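Student: I'll drop the sequence and a predicted model, then ask my questions.
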Amino acid sequence: MKLSVLIFVATVIFSTFLTAQNQSLIHLRYEENYTPTYDEVIEMFKLLDKNYDNAILLEKGKTDNGKPLHLFVINSEPVFNPAQIREQRKTVLLINNGIHPGEPEGIDASLWFSDDILRNKNGMAEILQNTVIIIIPVYNIGGHLNRGLYNRSGQTTPYETGFRGNAKNYDLNRDFIKSDSQNALSFYQIFNEWNPDVFLDTHTTNGSDHQYSITLIPPSPARFPKVQQDYIQNEFVPALFRNMKKGEYELIPYVDYIYDDPRKGMSLFQGSPRYSNEFATMFHCIGMVTENQIYKAFPDRVKSCYQFINVLASYTAENSASIKEKRAQAIRESMTIKDFPVAYRLDTTTFRLIEFKGYEAVKNQISPVTGLERFGYDTSKPYTDMVKYFDSWIPTETVKVPEYYILPQGYKEIIERFDLLGVRYSTLEKDTIIRVTVDYIDDVESMQRPSNGHYYHTKVTTHSEQQNMSYFKGDFIIPVRQEKIKYILETLEPKAEDSFFRWNFFDNILDQREYFSSYGFEENALKYLNEHPSFKAEFEKKRKEDPELAKNHRAQLAYIYNNTEWLEKTWKRYPVGKIF
Ligand SMILES: [Zn+2]
């Protein structure tokens, strides 16, 4: 066939594909306040897989209740190999649903959207020309199967939903760094294999009442390198709000109070990498969360979530080239940073005014349950007002970025995570003494009760020392300046908000192993004083100045132990060496 004929035939086939509109294959019952069960969800995705060559339902690892994590892939052609898709320069949009199964709008909306885009409703299939959409139908499968009428105390519809905790009672949306759950480890594989450019996690919120069915936690610009910061702040996020406004359901930023009433001001919610959207951000992926409003009727919640997915997918497709280009530039920018932020605060001095459609807050309503006064909103009194929106976070503390970390091989659970996420490293070929910078943990405060299976360290202060450390054949050398630099720094810098240190991966260094006995240390302490006259003089001076010390035998031995070479070097020494 001649080339021109070939192009003509291809064009006809292509345009036929784009204009055809098939019948819907699935039946959703959100109008009846019903969200599908786990089996129904998977059956519907299987049906779509069976009927369309350009979609496939994959199994990607296990979850904590033994069932596989599914991934539904929609492309323009029957190509489902992520490496091949990356070579074609297609954008990848990942949508995660049912992490909190009591918040199921995204499950319904994703099924509905998949059915529509595959049957090319209103020409929607055009999105797929440069964007591949990958969907996790239900992330927390254990929780979704734990279905009941009484799982959501603040919610009236849908009538039955799943439960927040997973099969091991973890809140999976706090698990993206420590990854105690098999769900998180399977998610790592998907994330690394597909390397999404844009990420959405769907939720429902029970915050204040207002007129919107859907709210958005947008990506926080402060978390991104300058090039992506500008793009997100000036183009990406404003376009989502603008395009939502053209449809039936308007979008408002997630209502995070800065004072007790949204009318006095709202702020941008910035989480930390334990949350899915912030986890995505560490890989320069534009991560965000929809929070449907719990007090709205379920059909409106599903429809507004559908509208958002459509707006996001369309925008991603239309701007595919610039999203990819900015991301590539941002990665290059990150790889050259000298300082890395480990703490942030909301800037309460800068804000902009945004339109907010709320309901009047009422303080003295009488509760029909208790007969007592209660706080509430009067939905018969809507208002539209301009409110202050504080959306700028600023770093308050940074650490110097090293060139390499050296991780002793005993910490293999960390390397397992690095392997799943494609972090590059090499191993030492022989036992070596290396002069490195090490951090000592000076002070640590921890949660008094476990949170998601851990006594997370709420406060960490450190100081650095230069030491000759012994490392052994097989220990891991991690070059910092690689594509995954942000993830490496967020997890290995002990002071970072969700570091492995904070999540108890290194608690073994926090207690002393040798120490001393009041009787047993006597002889060595005396010998040390005799052999070190200047220290002995210092010790005697201290005894004279401090009467409490002077009359306490054990305290004096402790002074000698803690201020000489006897003090064990490994105590509170964070064992990951840094080379600058
Ligand atoms: Zn949630």
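Tutor: Perfect, I can see it now. Numbers count the residues shown, from 1 in each chain.

Student: give the contact list for the closest residue to Asp180 other than its chain neighbours.
Tutor: Excluding its sequence neighbours, the residue lying closest to Asp180 (CB to CB, 6 or more residues apart in numbering) is Gly453, at 5.5 Å. Backbone N, C-alpha and C define where each C-beta goes, glycine included. Taking CB atoms under 8 Å, 6 or more residues apart in numbering as the criterion, Gly453 is in contact with Tyr170, Lys178, Asp180.

Student: Now Gly453: phi and psi?
Tutor: Note on Gly453: its backbone torsions stand at phi 80, psi 10 [degrees, to the nearest 10].

Student: Any figure for the gap between it and Lys495?
Tutor: Distance of Gly453 to Lys495, computed by CB to CB, to the nearest Å: 22 Å.

Student: Same check on Gln229?
Tutor: Distance of Gln229 to Lys495, given as CB to CB: 23 Å.

Student: The residue of the stretch 101-250 of the chain found nearest the ion sits in which helix or strand?
Tutor: Taking CB to the ion as the measure, the point where the stretch 101-250 of the chain comes nearest the ion is His203, at 3.4 Å. Counting by DSSP states H and E, the element that carries His203 is strand 198-205.

Student: helices or strands up against that strand?
Tutor: Contact analysis of strand 198-205 by 3 or more CB pairs under 8 Å, 6 or more residues apart in numbering; DSSP states H and E lists strand 91-96, helix 105-118, helix 276-281, strand 286-293, helix 298-318 as its packing neighbours.

Student: give me the number of residues near the residue of the stretch 101-250 of the chain closest to the ion?
Tutor: Each residue near His203 was counted by other CB atoms under 10 Å, and the total is 25.

Student: how far away is it from Leu93?
Tutor: Distance, His203 to Leu93, by CB to CB: 17 Å.

Student: same deal with Leu526?
Tutor: For Leu526, the distance to Leu93 - CB to CB - is 72 Å.

Student: Between those two, point out the one with more neighbours.
Tutor: Counted by other CB under 10 Å, Leu526 and Leu93 do not tie: Leu93 has more neighbours, with 28 against 12.

Student: which bits of the stretch 201-350 of the chain sit near the ion?
Tutor: The stretch 201-350 of the chain has residues His203 near the ion, with proximity defined as CB under 5 Å from the ion.

Student: likewise the chain?
Tutor: Residues of the chain lying close to the ion (CB under 5 Å from the ion) are His100, Glu103, His203.

Student: Could you list the low-pLDDT ranges of the stretch 401-550 of the chain?
Tutor: Applying pLDDT under 70 to the stretch 401-550 of the chain flags no residue at all.

Student: ranges for the helices of it?
Tutor: 412-421, 485-492, 522-531, 533-545, 547-550 (DSSP state H, counting those that start in this stretch).

Student: still on that earlier bit, same list (the helices and strands packed on strand 198-205) but as a markdown table, adding mean pLDDT.
Tutor: Formatted as a markdown table, these follow (pLDDT from 0 to 100):
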| stretch | mean pLDDT |
| --- | --- |
| strand 91-96 | 98 |
| helix 105-118 | 98 |
| helix 276-281 | 98 |
| strand 286-293 | 97 |
| helix 298-318 | 98 |
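
Student: Distance of the residue nearest to Ser470 when sequence neighbours are not counted relative to Gln467?
Tutor: Excluding the flanking residues, the one nearest Ser470 by CB to CB, 6+ apart is Ile433, at 5.6 Å. Relative to Gln467, Ile433 is positioned 10 Å away (CB to CB).

Student: From the neighbour counts alone, determine which of those two ranks first.
Tutor: Gln467 (16 against 10).

Student: how many neighbours does the nearest residue to that one once chain neighbours are set aside have?
Tutor: Using CB to CB, 6+ apart and skipping residues adjacent in sequence, the residue nearest Gln467 is Val438, 5.4 Å away. For Val438, the number of neighbouring residues by other CB under 10 Å comes to 19.

Student: For Val438, give its distance to Asn468.
Tutor: Where Asn468 is concerned, Val438 sits at a distance of 10 Å (CB to CB).

Student: what do you get for Lys495?
Tutor: Counting by CB to CB, the separation of Lys495 from Asn468 is 24 Å.

Student: of those two, who's got more company?
Tutor: Neighbour count, other CB under 10 Å: between Lys495 and Asn468, Lys495 has more, with 20 against 8.

Student: my guess is Val399 meets Glu493, correct?
Tutor: Yes: A contact is recorded between Val399 and Glu493 when judged using CB atoms under 8 Å, the distance being 5.4 Å.

Student: which residues are common contacts for those two?
Tutor: By CB under 8 Å, 6+ apart, Val399 and Glu493 have these common neighbours: Phe340, Val342.

Student: more crowded one of those two?
Tutor: Counting neighbours by other CB under 10 Å for Val399 and for Glu493 shows that Glu493 has the greater number, 27 against 19.

Student: show me the contacts for the more buried one.
Tutor: Contact criterion CB under 8 Å, 6+ apart gives Phe340, Val342, Val399, Ser499 as the residues in contact with Glu493.

Student: Give me the subset of those residues lying in strands.
Tutor: The strands, defined by DSSP state E, take in Phe340, Val342, Val399 from the contacts of Glu493.

Student: so what's the last one bridging to?
Tutor: Read that as Val399. Applying DSSP bridges to Val399 yields these beta-bridge partners: Phe340.

Student: which ones are touching it?
Tutor: When contacts are counted by CB under 8 Å, 6+ apart, Val399 is found next to Asp339, Phe340, Val342, Leu489, Glu493, Lys495, Ala496.

Student: Which among those count as buried?
Tutor: When burial is judged by neighbour count using 16 or more other CB atoms under 10 Å, the buried members of the contacts of Val399 are Phe340, Val342, Leu489, Glu493, Lys495, Ala496.

Student: I'd assumed Leu492 was in contact with the second one.
Tutor: No: between Val342 and Leu492 no contact is recorded; they are 11.3 Å apart, counting by CB under 8 Å.

Student: what's around Phe80, how many residues?
Tutor: Counted with other CB under 10 Å, residues neighbouring Phe80 total 17.

Student: what's the helix or strand for it?
Tutor: Using DSSP H and E, Phe80 sits in no helix or strand.

Student: and Ala550, how many neighbours does it have?
Tutor: Counted with other CB under 10 Å, residues neighbouring Ala550 total 12.

Student: List the single closest residue to it in space, sequence neighbours excluded.
Tutor: Counting by CB to CB, 6+ apart, the residue nearest Ala550 is Arg543, at 4.9 Å.

Student: Got phi/psi on the closest residue to Tyr259 other than its chain neighbours?
Tutor: On the basis of CB to CB, 6+ apart, the spatially nearest residue to Tyr259 that is not a chain neighbour turns out to be Gly265, at 5.7 Å. Note on Gly265: backbone dihedrals following degrees, to the nearest 10 are phi 140, psi 140.

Student: Check the one 5 residues further on too.
Tutor: Main-chain torsions, Gln270, degrees, to the nearest 10: phi -120, psi 110.

Student: What does the residue in the stretch 351-500 of the chain that the ion sits nearest to show for phi and psi?
Tutor: For the stretch 351-500 of the chain, the nearest residue to the ion under the criterion CB to the ion is Asn452, separated by 14.0 Å. Geometry field for Asn452 lists phi and psi as phi 50, psi 40, criterion degrees, to the nearest 10.

Student: Tell me how many other residues crowd the residue lying closest to it once chain neighbours are set aside.
Tutor: Closest residue to Asn452 in three dimensions, ignoring its sequence neighbours and counting by CB to CB, 6+ apart: Arg174, at 4.7 Å. Taking other CB under 10 Å as the neighbour definition, Arg174 ends up with a count of 21.

Student: residue contacts, Arg174?
Tutor: If a contact means CB under 8 Å, 6+ apart, then Arg174 has Arg274, Tyr275, Ser451, Asn452 as its contacts.

Student: Just put the residues of the chain next to the ion in TSV and tack on pLDDT and distance to His457.
Tutor: Shown next, in TSV, are the residues of the chain next to the ion (pLDDT from 0 to 100; distance: CB to CB, whole Å):
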residue	pLDDT	distance to His457
His100	97	25
Glu103	96	29
His203	97	27
